[in-house]
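Chemist: Sequence and predicted model, in that order:
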Protein chains: 2
Amino acid sequence: MAKNTHRTAEQMAAAQREISVSEFFAKNRHLLGFDNPRKALLTTIKEGVDNSLDACEEAGILPDLLIEIIQLQEDRFRVVIEDNGPGIVKAQIPNIFGRLLYGSKFHSRRQSRGQQGIGISAAGLYAQMTTGRGPRIESKTAKGKPHRFEIQMDFSKNKPLIAKEEELVEWHQKQGTRFEADLEATYQKGLRSVDDYMKQTAVSNPHARIRYLAPGMEEARVYERAVEELPALGEEIKPHPYGVEIGELMKMLRDTSSRTLSGFMQEEFCRVGAKVADEICTNAKLSKKAYPSRIAREEVDALYRAIQATRISAPPTTCLSPIGEERILEGLRKECDADFYSVVSRPPSVYRGNPFQIEVGIGWSRAGSDRLEVDETGRILKTRKRGTADTEDLLGGADDPIRLLRYANRVPLLFQQSACAFTKSIIQTAWKNYGLQHPRGSLPLGSAVIFVHMASVWVPYTSEAKEAIAPYPEILKEIKLALQEAGRKLGQFIRKGKRVEREFEKREYIDKYLPHVGIGLQEILGLSNEQREETVATLRDSMESTRKI
Amino acid sequence: MAKNTHRTAEQMAAAQREISVSEFFAKNRHLLGFDNPRKALLTTIKEGVDNSLDACEEAGILPDLLIEIIQLQEDRFRVVIEDNGPGIVKAQIPNIFGRLLYGSKFHSRRQSRGQQGIGISAAGLYAQMTTGRGPRIESKTAKGKPHRFEIQMDFSKNKPLIAKEEELVEWHQKQGTRFEADLEATYQKGLRSVDDYMKQTAVSNPHARIRYLAPGMEEARVYERAVEELPALGEEIKPHPYGVEIGELMKMLRDTSSRTLSGFMQEEFCRVGAKVADEICTNAKLSKKAYPSRIAREEVDALYRAIQATRISAPPTTCLSPIGEERILEGLRKECDADFYSVVSRPPSVYRGNPFQIEVGIGWSRAGSDRLEVDETGRILKTRKRGTADTEDLLGGADDPIRLLRYANRVPLLFQQSACAFTKSIIQTAWKNYGLQHPRGSLPLGSAVIFVHMASVWVPYTSEAKEAIAPYPEILKEIKLALQEAGRKLGQFIRKGKRVEREFEKREYIDKYLPHVGIGLQEILGLSNEQREETVATLRDSMESTRKI
């Protein structure tokens, strides 16, 4: 044991060491969503499903996924995730599944679920740390032979070791990948459970067929494909000049193969043509023929400021693949039986050079014992009891906080709700203007669901676990605009409904007291029972007709 | 621009790449506390001060720090942090300041402020990204010559490049280190400002002298040393068997130089003697002479379970350096002028094999226009107006949420309050039992400060920015026990005080109405003015004496 003595600079120097990114995350596993056994199970499945859906879409294949949870011991589960995607080339398997910070999505500017190259290897690392056994991967590409790997990670070096490797004689699918891992976990139902996650994933991915089998289920739950069409694949784009900082600009100037500054600006960025490039060079007081790698630091500073001062069109938004108002509405209708829906898909916007797009959907219901269905003019079509059929949906009572469904690039976000830009924007919106009760600093109240989606080439998550969106001002602003737009429609509907509701209350009142009025009239005027009934009916008719609803 | 076409497995494989940890964090800078220019300034200073204080304490030197913020342009500042520490050996400077995940503290089990080897290089990286210029470091060890480096980081490789290097002829201190960086930043005052941080740092580090000069100050603000003694240096300890998981155990078995399983258990862990080691081997049904690296995976599983089933003493707590009840009380008194203080230092506890210790201090004040000072029996000593002198302290009004001061290893935590285990524990504590108003799900209300400190060899932060503590169940439990203990004392005091307060109200009441009673008596009995005054005085005396407070 080291002595409790002070140390010199030389002794301290001897203790300095490199820290591998995997041992860092093994020690800080809560950063990756492995805080506890329950969440570990969800995170493992989430990372696997993200990768499978991304791979299928990138290859143009309608996803068909199998997710299986098998209980091995009280606190140990096996997770299986299988897809019909393009498969993975043999040589890449160990790195993809056994090395943190390795992947294809980090350096590309294209919308995808995965972006960091951490998730699935972190799941394997967690499995290995808690059970000693690393993940097993089977994969077959269209052209290749099927093969099977068992990975063991050297986490002090962040390198994959191959524990077993074999070529399989045949495989049960034409192509695809199967991931299997044993891990310490807990399987529970309820909010933020794997079941909950699967349901929410099905909502935002109607083009996927998902089979899901968990402990206690007699047979797999199947989320059938609702749409036979893949979402448009976002294009990959070059960086936008406004999103690049001085440090990165210096590096790009050093690394480019362009031989002139003007060429560099045009080739390395989007939205820069010859005219804009020349304008930037002029503003920076630099020759457009300057050799990029010879530009001194002070000049880069001038170039950076010139870029900010030059008018450049916003980045192309063909890189984005929003869900779309129609599909959000379909999803909401399927998920919750509300009286009113309001859906808004904002135009694309940009933060730090990254295009993004916000979509919002609101489902609202008049909560209470009875529910009215009204048409758009406010006329009551029918009244319906709220019953057990409603408890399965997402709507709570009128005095409960609204239910919030958060999505980033179609992936449901289940944790860290309070830290999320979505939540902050909702709290900061004036819901009282739109007819909802709204305690200060909290979510508004109401039997309602608010769905929020951010589509972006780079989602700024608040942690590696990708559970919440960091509150960049540009993002907050867009979310608020979307909420306000959807909120205004809701407010109009609620005000109309309120009027109807008041009338309805009046009608109930009359229904209740008219018979008593009848009895009174009968006594005073000495009417017969028939005359009394008749009088009451006449009174009711005349009142109904004057109310004109 | 890449076309919007689908890709094959082979095309996807070609896009797979390693991602360097620095480019990952450059893109995700909010993970490190560089969300915006204001926070970037604070984080830079915080990381520098952490390192300086750690180095001084480790070398047994009473810290003398200079922190300077110089405005260069509207949005650009220079930060200088200088210490009188042991200095840094020349060869280590580029790595320590120019490489993420490099340091001496990650692999040691010893209490320190820094632990990840990320902070100060991240500050340098942020500086370089936003101004193009990397950090400058001057350092002198007791034996060495002073030298100066300017670092430029190759962030796509996470490697430091040396932009300039020179040996200095002389340096103005015998030894120490000076860090200087230019960065895009905003300097503001108020809550969570650098000023606020400096003040809170001085509270938890009374053994440090800190000079602080910021824009707009005529001269440096000096926090003088209040204690001439260094806090006890925590010892470095070996891992505790309960805190090691199967995956790590396998690695340790592979890497050890011990030749028997029993020897391995004794040499690599704390709290394992020959007897405990043999018991573990017996429980695992393994020979105590087994050769460690030959133990198969299934056997490691048995060994792991045997460890959990064997009774092993808790890890030594000599590795911890709590602040101590006395110093917390001193700090609170200095910081806030309360009517009552309650301080609790819990005994050490363990989470995931890591010893930790929770300390809590409460300062509470009867808020309102007047304040009473009462002795311990509840007797009123004097009353005092709340005035401008009080607005500088941390106490808010009686209907405000209490002010929460969070510390980890003596470092103030200023952000992410709602995500922090401290906050969660406070919210879950039943403050109504202790005399405070407590809205559900919120902080309790009251003119009070709650100080919470966690000392540990490894603080589980919720993000790399080290802003909040992850809510591990063992940690939550200890915080709650500490809060309850301090809360009970507060409750007793408040109840006593409430009695006094009611009496006081009565007295005020009497003071107010007695003159009117006098006038009434004067009229009825026809008294002279002198007689009236006399009667009122007699009445007051007799009432005072019967109240007996």
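Modeler: Sure thing, it's come through.
Chemist: residues of the helix or strand that contains residue A:277 that come out buried?
Modeler: Taking DSSP states H and E as the criterion, residue A:277 maps to helix A:274-283. For helix A:274-283, burial by neighbour count (16 or more other CB atoms under 10 Å in any protein chain shown) applies to A:276, A:277, A:279, A:280, A:281, A:283. The C-beta positions use only the backbone N, C-alpha and C, and glycine is treated the same way.
Chemist: Out of those residues, flag the one nearest to residue B:454.
Modeler: When the buried residues of helix A:274-283 are compared for distance to residue B:454 (CB to CB), residue A:280 wins out at 50.7 Å.
Chemist: Could you measure from that closest one over to residue A:64?
Modeler: If you measure residue A:280 against residue A:64 using CB to CB, to the nearest Å, the figure is 49 Å.
Chemist: Which neighbouring elements make contact with the helix holding residue A:277?
Modeler: Applying 3 or more CB pairs under 8 Å, 6 or more residues apart in numbering or on different chains; DSSP states H and E, one finds that helix A:274-283 contacts helix A:261-268, helix A:297-309.
Chemist: which residues sit against the last one?
Modeler: Helix A:297-309 is touched from outside by A:241-242, A:244-246, A:249-250, A:253, A:261, A:280-286, A:295, B:131-133, with contacts defined as CB atoms under 8 Å, 6 or more residues apart in numbering or on different chains.
Chemist: mind redoing it with 10 Å?
Modeler: Outside helix A:297-309, the residues that touch it by CB atoms under 10 Å, 6 or more residues apart in numbering or on different chains are A:240-242, A:244-250, A:252-253, A:261, A:264-265, A:269, A:272, A:276, A:279-286, A:290, A:295-296, B:76, B:130-133, B:152, B:163.
Chemist: buried subset of those residues?
Modeler: Buried subset of the contacts of helix A:297-309 (neighbour count, 16+ other CB under 10 Å): A:240-242, A:244-250, A:252-253, A:261, A:264-265, A:269, A:272, A:276, A:279-281, A:283-284, A:286, A:290, A:295, B:76, B:130-133, B:152, B:163.
Chemist: Next up, the contacts around the residue nearest to residue A:104 when sequence neighbours are not counted.
Modeler: Distance criterion CB to CB, 6 or more residues apart in numbering or on different chains; nearest residue to residue A:104, sequence neighbours excluded, is residue B:15 at 3.8 Å. Residues in contact with residue B:15 (CB under 10 Å, 6+ apart) are A:58, A:92, A:103, A:104, A:105, A:107, A:108, A:236, B:2, B:7.
Chemist: ok, the second one - contacts?
Modeler: Read it as residue A:92. Shown in contact with residue A:92 (CB under 10 Å, 6+ apart): A:102, A:103, A:104, A:139, B:9, B:10, B:12, B:13, B:14, B:15, B:16.
Chemist: quick one: secondary structure of residue A:62?
Modeler: Recorded secondary structure, residue A:62: coil (DSSP: H, G, I helix; E, B strand; the rest coil).
Chemist: Pull the contacting residues for it.
Modeler: Residue A:62 is in contact with A:56, A:84, A:207, A:208, A:209, A:225, A:227, A:228, A:229, A:230, counting by CB under 10 Å, 6+ apart.
Chemist: Residue A:211: which element?
Modeler: Using DSSP H and E, residue A:211 sits in strand A:209-213.
Chemist: Could you list the buried residues of that strand?
Modeler: For strand A:209-213, the neighbour count (16+ other CB under 10 Å) marks A:209, A:210, A:211, A:212, A:213 as buried.
Chemist: My read is that the first one contacts residue A:221, right?
Modeler: Going back to what we said before, that points to residue A:209. No. Look at residue A:209 against residue A:221 with CB atoms under 10 Å: they stay out of range, at 11.8 Å.
Chemist: Thank you kindly, that will do.
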